[in-house]
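Engineer: turn this into a model:
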Amino acid sequence: MPRLSEARPGERRRHILTSAWSCFSRNGFHATSMDDVIAATGMSSSAVSRYFRSRDDLIDAVAAEARDRGE
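Structural biologist: All right, here's what the predicted structure looks like:
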């Protein structure tokens, strides 16, 4: 199986975060499940869980990005 380039994991992580942000913006943090985010990414649940083990990890990452960008 070919290895992902170093840029590819960063792109996937960014795609997951963007999809999560969209779901959180639309439904709120409490009403958004990991299944919602996984469906929005179009990726498998195992692919998403390689980057984020839980919804709380995903929320933390989205919040950290927003904080770092000054949003």
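
Engineer: contacts for the lengthiest helix in the chain?
Structural biologist: As assigned by DSSP state H, the longest helix anywhere in the chain is helix 7-27. Outside helix 7-27, the residues that touch it by Cβ atoms under 8 Å, 6 or more residues apart in numbering are 32, 36-37, 40-41, 43, 47-48, 51-52, 58-59, 61-62, 65. Every C-beta, even on glycine, is put in place using the N, C-alpha and C of the backbone.

Engineer: show me the shaky parts of this structure.
Structural biologist: The chain contains residues with pLDDT under 70 at 1-7, 71.

Engineer: make it 90
Structural biologist: 1-10, 29, 65-71 (pLDDT under 90).

Engineer: residue 15 and residue 8: what is the separation?
Structural biologist: 10 Å (Cβ to Cβ, to the nearest Å).

Engineer: neighbour count for these two, which is higher?
Structural biologist: The neighbour comparison of residue 15 against residue 8 (other Cβ atoms under 10 Å) goes to residue 15, with 16 against 10.
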